[in-house]
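Colleague: Model the structure of this input:
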Amino acid sequence: MFNETYDIRKVKQTMEPDLYNKLLKKYVKGVIFIRSDSLEKIIPGFTEKMREWQFLNAAVDLIRKEVRGNKKELYIKEVKEFFSKNSLKLLQNTVNNFGELAKAQFLNVYLSNAST
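Modeller: Residues are numbered from 1 along each chain as shown. So this is what the prediction gives:
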């Protein structure tokens, strides 16, 4: 995704243009992907929080008593706030459970400069 030939339409659907431009100009040495279904193991209570977000996202038009198109933005804002508050806990629990997470194949690592 951080490569200039990637489909820009997909990029615009995925992230804010400023963030994309910032990341595109950085040399990415590697990325660790964490499967979303493993987040409950890393952050206890995450599944409950996800259900709450999904319910609110689905019910926001009923709550407002009108249909507006910014449900996705509200949802993303909540998710960002949650992860910024819990980033240290996420990192600590990932490191402390790294062996177990790797064995269960919850983690995938991409290294940009690794050879075959």
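Colleague: Glu34: what's it in contact with?
Modeller: Just so we're on the same page, residue 34 is Ile rather than Glu. When contacts are counted by CB atoms under 8 Å, 6 or more residues apart in numbering, Ile34 touches 42, 94, 101, 106-107. For glycine as for every other residue, the C-beta is placed from the backbone atoms N, C-alpha and C.
Colleague: wait, which of these is closest to Asn86?
Modeller: Ile42 (9.3 Å; CB to CB).
Colleague: The closest one - nearest residue in space that isn't next to it in sequence?
Modeller: Asn93 (4.4 Å; CB to CB, 6 or more residues apart in numbering).
Colleague: SS state for the one you found?
Modeller: Secondary structure assignment for Asn93 (DSSP: H, G, I helix; E, B strand; the rest coil): helix.
Colleague: can you check Lys22 too?
Modeller: At Lys22 the chain is in helix, as set by three-state DSSP.
Colleague: Just give me the neighbour total for it.
Modeller: Neighbourhood size, Lys22 [other CB atoms under 10 Å]: 11.
Colleague: ranges for the strands of this structure?
Modeller: All strands of the chain, identified by DSSP state E, fall at 30-34, 107-111.
Colleague: how much space between the residue of the chain most remote from its centre and Leu90?
Modeller: Each residue of the chain has a distance to the centre, and by CA atoms, centre = their mean the biggest one is for Lys65: 29.8 Å. Distance, Lys65 to Leu90, by CB to CB, to the nearest Å: 36 Å.
Colleague: Also Lys12?
Modeller: 27 Å.
Colleague: Between the two, which is the more surrounded one?
Modeller: Set Lys12 next to Leu90 and count neighbours by other CB under 10 Å: Leu90 wins out with 17 against 11.
Colleague: per-residue confidence for that one?
Modeller: On pLDDT, Leu90 comes in at 82.
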